[in-house]
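Novice: Sequence and predicted structure, then a few things I'm wondering about:
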Amino acid sequence: MRLEAVGYSLAVAQQIAEPFLNKFACDAFKIAQSLKLQVKEDNVLNTVGARYIFSEYYLNPPTIVLYLKSIELVERAILNFDLSSIFGICDAIHVFLAHEIFHSLEATSVGEVGRKFKVTTLKLGPLRVTSGISTLSDIAAYHFAKKVLECNFPPAMLSYLPLADNDARKLERILQSLADHG
């Protein structure tokens, strides 16, 4: 079921990306503008525990918030580790914005990708509690970003770069762990 669920997420992202391909010159801000999404920039470092928050989508009113200090950590890591040739993007902010654009499309027209597949989260005798798989939504959102921005790398990797904290050995371990876990 795992492969089917991930395949479904990727297919939805590809389908949703189609109308945007070759239309906005890989500019997520232009895509947001075409969808009449409000984009706000907040100059804070947003974290939850050790996890960095780069952006968020709010439904009412349709707004995307970009956390600039968090995104700056990604851009700084790209420069410090000389990764610009690998990532080949001019600005990480477009990846996080495109990711949230997908979530807005998910909320307003596509439906939540993570609800298509259910897993049992609690079982007590004959009673079962099931839940959607929210990770599928993020897989689709990053794939959407990859397609509309024509990235040659998995955009989700960007969110791991600040964890290396300018330590090349940490970065190597992080990238190896990502490679080991698909």
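Specialist: Arrived safely.
Novice: mind listing the helices for this protein?
Specialist: Along the chain, counting by DSSP state H, helices occupy 2-17, 28-34, 68-80, 84-87, 92-105, 134-148, 168-180.
Novice: can those helices go into CSV with extra columns for distance to residue 43 and mean pLDDT?
Specialist: Quick note: C-beta positions are derived from backbone N, CA and C, even for glycine. Output for those, formatted as CSV (distance: least, Cβ to Cβ, whole Å; pLDDT from 0 to 100):
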stretch, distance to residue 43, mean pLDDT
helix 2-17, 30, 89
helix 28-34, 17, 96
helix 68-80, 5, 91
helix 84-87, 23, 80
helix 92-105, 13, 96
helix 134-148, 22, 92
helix 168-180, 26, 80
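Novice: among those helices, which is nearest residue 156?
Specialist: helix 134-148 (4.4 Å; Cβ to Cβ).
Novice: Quick check: buried residues in that closest one?
Specialist: 136-148 (16 or more other Cβ atoms under 10 Å).
Novice: will you turn the residues you listed into JSON lines that also has distance to residue 93?
Specialist: Compiled in JSON lines, those are given as follows (distance: Cβ to Cβ, whole Å):
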{"residue": "136", "distance to residue 93": "24"}
{"residue": "137", "distance to residue 93": "21"}
{"residue": "138", "distance to residue 93": "18"}
{"residue": "139", "distance to residue 93": "21"}
{"residue": "140", "distance to residue 93": "20"}
{"residue": "141", "distance to residue 93": "15"}
{"residue": "142", "distance to residue 93": "15"}
{"residue": "143", "distance to residue 93": "18"}
{"residue": "144", "distance to residue 93": "16"}
{"residue": "145", "distance to residue 93": "11"}
{"residue": "146", "distance to residue 93": "15"}
{"residue": "147", "distance to residue 93": "18"}
{"residue": "148", "distance to residue 93": "14"}
